[in-house]
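Peer 1: let's see this in three dimensions:
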Amino acid sequence: MTNKIKIAAILCALLLLIVLLKFTWLCGFLLIFFIPGFALTLVLFRDIAVDERIGVAVILSISINILTIFAANYFLDIEITKHNITALMLLVSLLFLVLFLVFLYFRTQESFKIKNLINNFKVNRNDVLKSLLLISTLVLVFNLIYAAHWDYLYPYHTDEWENLAEAVAIMENHALLNKAPNCKDIKKKIDLEIGSHIFLAELFLLTGADPVTTYKYLPALFAAISAFMLFLVVKRYNFYAAILSMIFFASLKTNISIMGIWLFAPLTMSIAFIYAITFMFLYAIENKFASFLGASASLLALALIHPISAVFVYMILSLYIILKFIYYLFELLKKLLLGGDKKEMFFTWKNTTGFIILFLIPFISFIYFMAILSKGTTADTINWFITKFIIFPKSTGVSSLVYEPAYLPDIYGILGIGLAVIGILYIIYMRKKWKHSGFLIAAALTGIINLILFHFPGIGSSLLNLAAFPFRVFALNLTFNLPGNFAILIFYERFIYYTMVFIVPLSALGLYASASAVINACTFAINIAKIKILNKIHRHICILLCIAFTILVFTTVFSGYYDEKEKLYKMITDEDYEAIKWIEENKGRGHVILARTEVSMAVYSISRNYVVAGTSHEDNCPGENVKDIHRFFMGNCNERTAILKKHDVDYVITDFEIPCNLKEIYRNEKNYIYEVNMS
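Peer 2: Okay, the predicted model is just below:
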């Protein structure tokens, strides 16, 4: 009992420390990224290594934050403020700790004793060296991604500014909104990526960080988290292959067509969740039932962060379970014909129940998403849903090169693809020793199959007609207006990135297998040579040769890595930021500002003022407003005056003088600010 009291005191002291430090940025960071998730891991995961507990705690903490704050505001109308978030997270953490102590009191198994939990944190010299290698690799990954932001202080992509504006709106209004943040009094469609916006709002509220100037750190931070979760997945099979997988992950290219890990958007945030759910699923199917609950909570949060990513996870899990079921039927048939008593370990009652939970709990998110599904009759609703969320044609604004069959090997690299093939062969060779390593193949195969279906629309059409057959039984005739090429359930360009995300571990395993072959060949050659000096130092020679081989591979993989950097959007300059900030500091908030569309995207996030129009995003200001922006900058004074009156504009930001009886109130090296007075 003494040990139980000690552990309870330590955990409660940690929570008390958060309160005593008066919610500093570090405490806020821990509340978002660690404390709630760590408390939940004590309940769900008994005997996992310290690095695994930390990694799972990070993802579960983010999930708990998003789900708790979403439910509190959406269902209970609790305001989203710093103090409310802190109170809720401390309350949830205490709840998990109480559950842990209750389980601790009633459990008698050796695996649940405190000393075993403490023993998980004990390390030896080899563990220290491996930990240093892991930390060094994480630092490398962080810096490789952050290097793309060294000379630019602000978000790059319009998606980043859009997400930032949504988060700032939540911070300002203390609630989830049903209107576009950039444009005044414009009602928008339901927010399909509300989870990522809640996360950003919580992060900036609890840490007190400036949303605009600190956003540039988020791509590198989440790339490091994603790399760490990938490490945990691959470490199940080999530690050094896991380290290599982190570097391969950092090598993934970024461009404006498919986006990527240089940018922080719901897509890139979701990668950490995809790897984490993979880890928890693989852990759970070894009859660790409680892990299914952690995976389900993470998948539910992912559905709110980026629904398309959640769909891809469902695809992977479905394919893997189906393949395992086919294998199970084959083994059952073999058992009936040839005899034997091999025990089934995959489709146990625990795993089967876990599969049901994993597939059903995330569907709770439909309570939120159902708000946009109704379109009159059932048939109209289903047809609209199919058009909007099932069939995805080529996207406008995306380079046509993306849709070429050779784009994947071009963007990922022939060498990486070749190593992935070796990795697949190596997994097949090690399949008896590496349990469930076939999941990585199934995950990559999920993406590849969908990429192939895009280029063979006849097959996709047949699959859709097959899926529509059950609806015809209920007199629901579904019609498909199919484009020339289309992807099912997910955008084609997203499939490309998801496929690369799971080719990465295969490439790492392939490189590990190749490097091992280099060492073995080197050792064999030296032994045949029978040179005494070489025999004494052959181990060091072969290791150096292996390192040189690995460096050569990564030099090739990272070739041209930063070539696309100059093509990324730079929406604003320092002078633009200064001008926008000047209006907030000297004229206040809530005004309507007219500026070029690129600059307009940043106005609300920087100054909490509205704009006439940003770029032509679906949930932004009306498309006609964008045309008005162009007319203003190209028109004469009469046209400009009419547009200013039409949109009730208070201030104009422009990079040239406007001789239209407007009052200039500010200028810097680039911009002029004019005050509009139409009275």
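Peer 1: state the helix or strand in which the residue nearest to the spatial centre of the chain lies.
Peer 2: Among the residues of the chain, the one closest to the centroid is Ser270, at 1.8 Å (Cα atoms, centre = their mean). Here Ser270 sits within helix 266-284, counting by DSSP states H and E.
Peer 1: and the following helix or strand past that helix, what does it pack onto?
Peer 2: Downstream of helix 266-284, the first helix or strand assigned by DSSP H and E is helix 290-305. Helix 290-305 sits against helix 35-44, helix 50-76, helix 194-207, helix 266-284, helix 307-338, helix 349-360, with contacts defined as 3 or more Cβ pairs under 8 Å, 6 or more residues apart in numbering; DSSP states H and E. C-beta coordinates here come from the backbone N, C-alpha and C atoms, glycine included.
Peer 1: could I get the CA-only coordinates of the shortest one as CSV?
Peer 2: Pointing back at helix 35-44 there. The C-alpha trace of helix 35-44 is given here as CSV (Å, rounded to 0.1, in the frame of the first residue of the first chain):
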residue,chain,number,x,y,z
ILE,A,35,-0.1,15.1,-19.3
PRO,A,36,-3.7,13.9,-20.2
GLY,A,37,-2.3,11.3,-22.6
PHE,A,38,0.3,10.0,-20.2
ALA,A,39,-2.4,9.6,-17.5
LEU,A,40,-4.5,7.6,-20.0
THR,A,41,-1.6,5.4,-20.9
LEU,A,42,-1.4,4.3,-17.3
VAL,A,43,-4.9,3.0,-17.6
LEU,A,44,-4.7,1.4,-21.1
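Peer 1: just give me how far it sits from the chain centre.
Peer 2: 21 Å (Cα atoms, centre = their mean, to the nearest Å).
Peer 1: look up phi and psi at Val652.
Peer 2: Backbone torsions of Val652, given as degrees, to the nearest 10, read phi -120, psi 130.
Peer 1: that one: how many residues sit nearby?
Peer 2: Val652 is flanked by 22 other residues according to other Cβ atoms under 10 Å.
Peer 1: need phi/psi at the closest residue to it other than its chain neighbours.
Peer 2: Excluding the flanking residues, the one nearest Val652 by Cβ to Cβ, 6 or more residues apart in numbering is Tyr674, at 4.3 Å. Backbone torsions of Tyr674, given as degrees, to the nearest 10, read phi -120, psi 140.
Peer 1: so who does Tyr674 touch?
Peer 2: Tyr651, Val652, Thr654, Ile658, Leu662, Lys663, Glu664, Ile665 (Cβ atoms under 8 Å, 6 or more residues apart in numbering).
Peer 1: among the residues you listed, which are in strands?
Peer 2: Using DSSP state E, the subset of the contacts of Tyr674 located in strands is Tyr651, Val652, Thr654, Lys663, Glu664, Ile665.
Peer 1: how close does the fourth one get to Val652?
Peer 2: Think Lys663. 10 Å (Cβ to Cβ, to the nearest Å).
Peer 1: please report how far Arg640 lies from Asn84.
Peer 2: Taking Cβ to Cβ, one finds Arg640 at 45 Å from Asn84.
Peer 1: residue contacts, the residue nearest to the centre of the chain?
Peer 2: Ser270 touches Leu302, Ile305, His306, Ser309, Ala310, counting by Cβ under 8 Å, 6+ apart.
Peer 1: where does the stretch 1-150 of the chain have low pLDDT?
Peer 2: For the stretch 1-150 of the chain, the stretches with pLDDT under 70 are 1-23, 107-123.
Peer 1: for the stretch 401-550 of the chain, same thing?
Peer 2: Within the stretch 401-550 of the chain, the stretches with pLDDT under 70 are 468-481, 483, 529-538.
Peer 1: ranges for the strands of it?
Peer 2: Assigned strands in the stretch 401-550 of the chain, in chain order: 487-488 (criterion: DSSP state E, counting those that start in this stretch).
Peer 1: mind listing the helices for it?
Peer 2: Applying DSSP state H, counting those that start in this stretch to the stretch 401-550 of the chain gives helices spanning 407-412, 414-429, 438-455, 457-473, 492-529, 532-557.
Peer 1: ok, which of those comes nearest Met315?
Peer 2: Across the helices of the stretch 401-550 of the chain, Met315 has its closest neighbour in helix 438-455 (5.0 Å, Cβ to Cβ).
Peer 1: in that closest one, what counts as buried?
Peer 2: 438-447, 450-451, 453-454 (16 or more other Cβ atoms under 10 Å).
Peer 1: can you list those residues in TSV and add distance to Ile35?
Peer 2: Formatted as TSV, these follow (distance: Cβ to Cβ, whole Å):
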residue	distance to Ile35
Gly438	36
Phe439	30
Leu440	31
Ile441	36
Ala442	34
Ala443	31
Ala444	35
Leu445	38
Thr446	34
Gly447	35
Asn450	38
Leu451	41
Leu453	44
Phe454	43
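Peer 1: nearest to Tyr105, of those residues?
Peer 2: Phe439 (36.4 Å).
Peer 1: check which residues of stretch 348-359 are buried.
Peer 2: In stretch 348-359, counting by 16+ other Cβ under 10 Å, buried: Lys350, Asn351, Gly354, Phe355, Ile357, Leu358.
Peer 1: of all these, which comes closest to Asn255?
Peer 2: Nearest to Asn255 out of those is Leu358 (Cβ to Cβ; 33.8 Å).
Peer 1: contact partners for that closest one?
Peer 2: Contacts for Leu358 (Cβ under 8 Å, 6+ apart) come out as Phe281, Phe292, Ala295, Ser296, Leu299, Leu317.
Peer 1: what number of residues lie near the residue lying closest to the fifth one once chain neighbours are set aside?
Peer 2: Closest residue to Leu299 in three dimensions, ignoring its sequence neighbours and counting by Cβ to Cβ, 6+ apart: Pro362, at 4.4 Å. Using other Cβ under 10 Å, the number of residues around Pro362 comes to 24.
Peer 1: so Pro362 is in contact with Ala295, correct?
Peer 2: No: in this structure, Pro362 is not within contact of Ala295 by Cβ atoms under 8 Å, at 9.6 Å.
Peer 1: and the contacts of stretch 172-190?
Peer 2: With contact meaning Cβ under 8 Å, 6+ apart, stretch 172-190 is reached by 70, 73-74, 77, 79-81, 165-166, 168-170, 191, 194, 198, 368-369, 371-372, 592, 600-601, 603-604, 608, 610-614, 618-622, 625.
Peer 1: out of these, which sit inside helices?
Peer 2: Under the assignment DSSP state H, the contacts of stretch 172-190 contribute 70, 73-74, 165-166, 168-170, 194, 198, 368-369, 600-601, 603-604, 625 to helices.
Peer 1: among the residues you listed, the buried ones, what's the PyMOL command?
Peer 2: The buried residues among the ones in helices among the contacts of stretch 172-190 can be selected in PyMOL (16+ other Cβ under 10 Å) with this line:
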select buried, resi 70+73+165+166+168+169+170+194+198+368+369+600+601+603+604+625
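Peer 1: returning to what we had before: which one of the contacts of Ser270 is nearest to Ala209?
Peer 2: Ile305 (19.9 Å).
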